[in-house]
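>>> following is a predicted model, sequence given first.
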Amino acid sequence: MKSPDFSIAASRRVFWLTFAGTLLLKIVIAAGFPITGDEAFFYQWGVFLAWGYSDHPPMVGWLLAVLHAISDAPLVLRSVTLLVTSVIALGLVDALMRILPAEREASAWMAGAVYLALPWSWMFVLVTTDTLLLLFMAVSAWCYVRANAAADRGAGWYALAGGFIGLAFLSKYFAVLLGMAYTVHILGWRRDRWWALALMFAAALPSVAVNVVFNATHGWTNVMFNVFNRNEGSHWNLETPLTYAAMALYLLTPWLLWQSVRAPRAEGVAPATRRALAVLWLFPILLFAVISLRRTIGLHWVLGFVPFFVAWAALFLDARALHRSLRWTLLLSLPHLLLVGALAWAPLSLWQPAKLYERLVFTRETPALAAALKADLPTGATLMARTYNPAAMLAFPHGQYVPVFGVGRHHARQDDQIVDFRTYDGQPLRIFDYTEPDLADFQPFFAQVSKQKVVIEGVDFWMVDGTGFRFEPYREQVLAKIAQDFHDIPRWLPLLGNPFCERYGFAACSPQGR
């Protein structure tokens, strides 16, 4: 039996085959996988273009505004996202070819193939705030590694690293963790380049300033969500750290971790480069471990640091070892591929015994449900939903914004920025709900209410028809609670504007009431 070829040419061929195969797979998934709730929500950001939004900084909204102008086809809306991990893989190979000695080039190509084969690399096709976060973080780190290895001062590369981390910050606040990793590395091992921290901060400052000014004039909506509202009720526990440890092991893969730990010294690699890459992935991973003592860590929070780990592992591993990891990674990807295919294309009847059947019907049959809700919509009526997920999902095929009726949750409070319930006073509303609603919940806000059932693929969905919407009781019972629960802005934050509280006359969370 012929032994595998681990030459540079063979490794390069493995990379390009993996690159082409995963790119084709991502195109298929992007074209055929149903639009998800988060995607539909962020799509509305692109439709209602603004310089800031609820929950997160605005970059994904700006991206979707451009893509929405081209087409609303899922493949178009997801086109940039599906390219992200492919571009990161190219950057990973390029960085390693600059770091590793020429005779170890095969490791660079094989490491790129391993990264592409990871399940959350080829499944990364859904357009969310993580789309440009991952891209800009990777480009920033690529520039930082170039700066760290530069024979001269590397000021230009440091400035670019700061500029791109600023763009990542405008995508999601988790970019701060990469900036913290830069700080730890420079203060710990490159104190001779302390000035680089000031240079990177200066380069990132315009992006930070855009977000700060928006927040100050819009009720600190991003800060309230990320720092305060989403963390209420968190407490110290041991369950979430264990969950996080398992998740980190899954994302980094046990075999790549084990191989890296057991490997001898990184042959032909400058110690300064080895330390830099180690800090870029290990510091955030350890910081997340500390945070997990109080709250759950989302899997997508860690994704941006995975390429740095793969690059670091490749410093220690030859092409043969990385090829073994590639085979194990492909085996890991197989059940993920089967699950993605089943969720998107298997007959719905096969899912009937599963607990997720009702939500899967909603996700895959949203256009049919939206058509049923619109079929006999009373003249002048507005379609709404009880929570943000169905509201966003229904809005996509409905072709109009679907507000949330009720208090909602701390997530996805874009309605607070753009919806004015005063305009619905006296008007009919149709409100969607997953489960049979209690009309008593709606009667204080309407002259008359009724409910009816819509059946899609054997699943019962419900809608409430209310005539003569009464704004004043809705303001006193619902909007006032929203102001109390989600707009309790700390007094130390300078407040220059809050559209929600100013619109409805809640002085306590308006500039004039401070």
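Arrived safely, thanks for sending. Numbering: from 1, shown residues only.

>>> in contact with Ile165, which residues?
When contacts are counted by CB atoms under 8 Å, 6 or more residues apart in numbering, Ile165 is found next to 136-137, 140, 175, 178-179, 182, 200, 204. All C-beta atoms are positioned from the backbone trio N, CA, C, and that covers glycine.

>>> kindly recompute the last result at 7 Å.
Listed by CB atoms under 7 Å, 6 or more residues apart in numbering, the contact partners of Ile165 are 140, 175, 178-179, 200, 204.

>>> out of these, which two sit at the greatest distance?
Across these, the two members that end up farthest from each other (CB to CB) are Ala175 and Met200, 12.0 Å apart.

>>> compare the two and say which is more crowded by neighbours.
Under the neighbour definition other CB atoms under 10 Å, Ala175 and Met200 were set side by side, and Met200 has more, 27 against 24.

>>> next one: the nearest residue to Pro490 once chain neighbours are set aside from Leu170, what distance?
Here the nearest residue to Pro490 in space, its sequence neighbours aside, is Phe228; by CB to CB, 6 or more residues apart in numbering that works out to 7.7 Å. Between Phe228 and Leu170 the distance is 21 Å, computed by CB to CB, to the nearest Å.

>>> more neighbours, those two?
Neighbour count, other CB under 10 Å: between Phe228 and Leu170, Leu170 has more, with 25 against 15.

>>> I'd guessed the more buried one sits against Tyr53; true?
No - using CB atoms under 7 Å, Leu170 is not in contact with Tyr53, being 11.3 Å away.

>>> so how far is stretch 473-482 off the chain centroid?
Centroid displacement of stretch 473-482 relative to its chain, using CA atoms, centre = their mean, to the nearest Å, is 31 Å.

>>> start at 3 instead
Sure, I'll start counting at 3 from here, so that last one is stretch 475-484.

>>> show me which residues of that stretch are buried.
Using 16 or more other CB atoms under 10 Å as the burial criterion, the residues of stretch 475-484 that qualify are 476-477, 480-481, 484.

>>> show the backbone phi and psi for the residue positioned nearest the centre of the chain.
The central residue of the chain, meaning the one whose C-alpha is nearest the mean C-alpha position (CA atoms, centre = their mean), is Asp132 at 3.4 Å. The phi/psi pair for Asp132 (degrees, to the nearest 10) reads phi -80, psi -20.

>>> quick one, what contacts it?
174, 302, 305.

>>> and the second one, how many neighbours does it have?
Residue neighbour count, defined by other CB under 10 Å, stands at 17 for His302.

>>> re earlier: how near is the residue nearest to the centre of the chain to Gln450?
When CB to CB is the yardstick, Asp132 and Gln450 sit 45 Å from each other.

>>> ditto for Asp487
The span separating Asp487 from Gln450 equals 29 Å under the rule CB to CB.

>>> who has more neighbours, these two?
Between Asp487 and Gln450, Asp487 has the larger neighbour count (other CB under 10 Å), namely 14 against 11.

>>> circling back to that earlier point, nearest to Leu333 among the contacts of Ile167?
Here the nearest of the contacts of Ile167 to Leu333, counting by CB to CB, is Leu180; it sits at 30.9 Å.

>>> the residue lying closest to Leu352 once chain neighbours are set aside - how many residues pack around it?
In this structure, Leu352 finds its nearest non-sequential neighbour in Ala344, 7.4 Å apart by CB to CB, 6+ apart. By the criterion of other CB under 10 Å, Ala344 has 13 neighbours.
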